[in-house]
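Novice: Here is my input, please return the structure:
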Amino acid sequence: MENLSGGTGENHARFVTYMSGMILILILNLHFAMAINKSVANSLTVSCNGGNDGQTYVTAAGGTSPYTYAWDDGQITDTAYNLSAGDYIVTVTDASGCTATDTATITEPNLITGLDSITACDTYTWIDGITYTNSNNTATHTLTAANGCDSVVTLDLTINISPTVDLGNDVAICANDSTLLDAGTGHTNYLWNTGDTTQTIYADTAGTYSVTVGNAIATSNSNSSSFDGVDDRIIISSNNLPGGNSARSVSAWFYPESGFGNILAYGDGSQTNKRFSFLMNSGDVKFVGENNDHFGHTVSLNQWHFITITYANNKLKMYIDGAIADSVLLGTNLNTDNSYPLVIGSNTTTRNDEYFGGKVTQVSVWDRILTATDVQNHMNCPPSTNALGLLGYWELGNNANDATAYGNNGVIEGAIMSTEGPVFTCSNQSFCTATDDIVVTVNPLPTIDLRCRHHFNMCWNKYYFRCWCWK
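Specialist: This next block holds a predicted model:
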C-alpha cells in the first residue's frame, strides 16, 4: 500500500494485488474532511481592540481517528484559546498520518476613539491631570467605555491668552467735578459695572468702578431659513445619519408660524417605525419614529424655540427651550432607515408632505446622547464644529452647507433666507476676559462766609437790600 497525502483533505490508498497471472488494481479513496467551525457559538472575534480573548475550534471527520491537532501558535487541542486578532493555521493529523489544514481568522472591533475639543484661556487642566499652558492636539488619555473596552480620547486644545487691563491708582475728585476712566485700547469689547460698553467713561460720584474687557464679541445669529408651509424644503444627502437603534441626539431652533408640518425628518416616511422626525400638529411638537407618535408639547407661535431629541437604549427624551419636556421608555427598538436624506421643512422624501410653515436654523445631528447640561449650553451657544460626536451642523443662515468636516451640504428647494434668528448669549470660542477696578473718592468743596466782620450800614427800600461794610 502506498499512502499519498496533500492539502486536499483526502487520504488516497492504492492497493496492488497479484492473482494467478493477472493483475488487479483497486483504487480506494478514504475521505478525510475537516473545517474550522464558523458558527456564532465559535468566537471568531475578540471583545475589545487589542484584546486576546478570542477562540476557535476545528471539527475533523473521515480518515482514521483519533486525530491530533497542531495550531501554529503552539496549542495542540481542537480548540484554540486566548487568541488576539490575526490568522491561525491548524493542522489535523489522523491515526494513519494523513494531514489536512484550515485557517481561522480572528477579528477585533475598531478602537473606540473620541476627540475632546476645548478652548480655554491661559491654562487648562485636562482629564489626564496635566495642566496645559499651550495649545495641544496630540495628548491622549485612555478611558474605560461602557462595554468595558478601552477608549482613547485625543485632546484638541486651543489656549488663548487673556487680555490685560489697568485702570490705574484710586483717584479723588472735587464735588461737581468728574474724572475720565480709561480701560485702554486694543480690546474688542468693554463692560463697566455702570452698564456702559465703551472704552472710557466719566465718573462723578464716589464708589468703586470696575470694567471687564475681552478679545471677542458676543455671537449673534441673525439669519435663518424660511419655509412657506406649501412646498418649501431643504434636502441634505448624508451618509452618516444615525440609523437603526443607534444612540443619537438631534437639535434645531424653530419659529412656528402655522403650527403644522415637519420641522425636520429623515428615514422612510411611508413606514412609521423607520422614520425620525419632529412634527408640529395644531401647535404641539411631537416625535415620530416608533410605531406611535410620542410627546405633544405645546409651544407658542411666532417666537423662537429650541428643541432637542435624545435617544439611547430605548430611552427617548425631548427638551424644549433647554428644559426637559417629556421622556418615555419605548416598548420596541427604533428602526430608522438612514439611507434616505435629511429633510428640513417637510416629511421625508418618500412622503413629500406635511410641509412646515415658519423658520428653522442651527440644525445639529449627533451620534451620542446630549446631557441636560449639553442641551442648555448649545441653546445658549452654538457647538464647536468639531465637537465630540457631532455628525452634521447646518446653520441655515446664508446657505444649506454643513459646517462640519463631513461636508454634507444641502440643496434648497424654495426656502428663502430670513434676517430673523435667535440671539445667543454666549461669546465666541476665543473669548477671554480681564477685570480691574478703581475707587473714586469725591471730596466736598470749601465753604465761603460773606458775613461782615466790621461796622456796617444797611439800607432798605422796596426794591433792594444792600449791605456795606467798613472799618
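Novice: what sits up against the helix or strand harbouring L279?
Specialist: According to DSSP states H and E, L279 maps onto strand 275-281. Contacting residues not belonging to strand 275-281 are listed as 242, 248, 250, 252, 254, 256, 258-269, 285-289, 293, 307, 309, 334, 336-337, 347-348, 354, 356 [C-beta atoms under 8 Å, 6 or more residues apart in numbering]. All C-beta atoms are positioned from the backbone trio N, CA, C, and that covers glycine.
Novice: strands paired with that strand, and their directions?
Specialist: strand 261-267 (antiparallel), strand 284-288 (antiparallel) (DSSP bridges).
Novice: what's the most buried one of these?
Specialist: strand 261-267 (a mean of 28; mean count of other C-beta atoms under 10 Å).
Novice: Now do that strand: distance to the chain's middle.
Specialist: 20 Å (C-alpha atoms, centre = their mean, to the nearest Å).
Novice: What's the mean pLDDT across stretch 375-386?
Specialist: Mean per-residue pLDDT for stretch 375-386: 83.
Novice: make that stretch 117-137, sorry
Specialist: The model assigns stretch 117-137 a mean pLDDT of 88.
Novice: ok, the nearest residue to Y132 once chain neighbours are set aside - contacts?
Specialist: Nearest non-adjacent residue to Y132, counting by C-beta to C-beta, 6 or more residues apart in numbering: Y124, 5.3 Å away. Shown in contact with Y124 (C-beta under 8 Å, 6+ apart): 118, 131-132, 157, 159.
Novice: For T272, grab phi and psi.
Specialist: For T272, the backbone dihedrals are phi -60, psi -40 (criterion: degrees, to the nearest 10).
Novice: part of a strand, is H378?
Specialist: No. Checked against DSSP: H, G, I helix; E, B strand; the rest coil, H378 lies outside a strand; its state is helix.
Novice: isn't it right up against T371?
Specialist: No. Judged on C-beta atoms under 8 Å, H378 makes no contact with T371 at a distance of 10.5 Å.
Novice: Which of these two has more residues huddled nearby?
Specialist: H378 (23 against 11; other C-beta atoms under 10 Å).
Novice: Take the strands paired with strand 275-281 and write them to JSON lines, including distance to T142 and mean pLDDT.
Specialist: What follows is these, written out as JSON lines (distance: least, C-beta to C-beta, whole Å; pLDDT from 0 to 100):
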{"stretch": "strand 261-267", "distance to T142": "34", "mean pLDDT": "95"}
{"stretch": "strand 284-288", "distance to T142": "36", "mean pLDDT": "93"}
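Novice: how about those strands, which one is nearest L44?
Specialist: Proximity to L44 (C-beta to C-beta) singles out strand 261-267 among the strands paired with strand 275-281, at 32.5 Å.
Novice: So for the strand holding L279, what gets flagged as buried?
Specialist: Within strand 275-281, the residues that count as buried by 16 or more other C-beta atoms under 10 Å are 275-280.
Novice: Just say helix, strand or coil for T332.
Specialist: From three-state DSSP, the assignment for T332 is coil.
Novice: shift numbering so it begins at 2
Specialist: Sure thing, new numbering starts at 2, so read that last one as T333.
Novice: what number of residues lie near it?
Specialist: 11.
Novice: just the strands in the stretch 352-472 of the chain please.
Specialist: In the stretch 352-472 of the chain, the strands defined using DSSP state E, counting those that start in this stretch lie at 358-367, 391-395, 411-414, 417-419, 424-428, 434-444, 456-461, 466-471.
Novice: pLDDT on the fifth one, on average?
Specialist: So the one you mean is strand 424-428. Mean predicted lDDT for strand 424-428 stands at 64.
Novice: Kindly report the same for the longest one.
Specialist: Strand 434-444 shows an average pLDDT of 94 in the prediction.
Novice: now it, how far from the chain's geometric center?
Specialist: The answer for strand 434-444 is 42 Å, by C-alpha atoms, centre = their mean.
Novice: Which residue comes closest to A248 once chain neighbours are left out?
Specialist: Nearest non-adjacent residue to A248, counting by C-beta to C-beta, 6+ apart: A313, 3.8 Å away.
Novice: How about the one you found: which residues does it bridge to?
Specialist: The partner residues for A313, given DSSP bridges, come to K316.
Novice: quick one: buried residues of stretch 303-317?
Specialist: So for stretch 303-317, counting by 16+ other C-beta under 10 Å, buried means 305-312, 317.
Novice: tell me the helices in this structure, going along the chain?
Specialist: For the chain, helices defined by DSSP state H occupy the ranges 373-381.
Novice: shouldn't N409 be in contact with I235?
Specialist: No. Contact criterion C-beta under 8 Å: N409 and I235 do not qualify, at 11.7 Å.
Novice: okay, these two: which has more neighbours?
Specialist: I235 (25 against 21).
Novice: Relative to V300, how far out is that one?
Specialist: According to C-beta to C-beta, to the nearest Å, I235 stands 21 Å off from V300.
Novice: Same check on T102?
Specialist: 68 Å.
Novice: more neighbours, the two?
Specialist: The residue with more neighbours, out of T102 and V300, is V300; 18 against 14, by other C-beta under 10 Å.
Novice: Disregarding flanking residues, what is the spatial nearest neighbour of that one?
Specialist: With sequence-adjacent residues excluded and distances taken as C-beta to C-beta, 6+ apart, V300 is closest to H306, at 5.0 Å.
Novice: For that neighbour, give the beta-bridge partners.
Specialist: F255.
Novice: Check whether it really touches W254, as I assumed.
Specialist: Yes. Proximity of H306 to W254 meets the contact threshold set by C-beta under 8 Å, at 7.2 Å.
Novice: ok, back up a step: columns distance to G51 on top of the strands paired with strand 276-282, output as CSV?
Specialist: Shown next, in CSV, are those (distance: least, C-beta to C-beta, whole Å):
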stretch, distance to G51
strand 262-268, 35
strand 285-289, 39
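Novice: Show me where the stretch 202-351 of the chain has its strands.
Specialist: Assigned by DSSP E, counting those that start in this stretch, the stretch 202-351 of the chain shows strands spanning 208-215, 219-221, 225-229, 234-237, 249-257, 262-268, 276-282, 285-289, 294-299, 306-313, 316-321, 324-330, 343-345.
Novice: Summarise which helices and strands the fifth one is packed against.
Specialist: If you count contacts as 3 or more C-beta pairs under 8 Å, 6 or more residues apart in numbering; DSSP states H and E, strand 249-257 packs onto strand 262-268, strand 276-282, strand 306-313, strand 358-367, helix 373-381.
Novice: so which of those comes closest to G98?
Specialist: strand 306-313 (57.4 Å).
Novice: So what angle separates the directions of the closest one and strand 358-367?
Specialist: Strand 306-313 runs at 40 degrees relative to strand 358-367, counting by axes from the mean of the first three to the mean of the last three C-alpha atoms, to 10 degrees.
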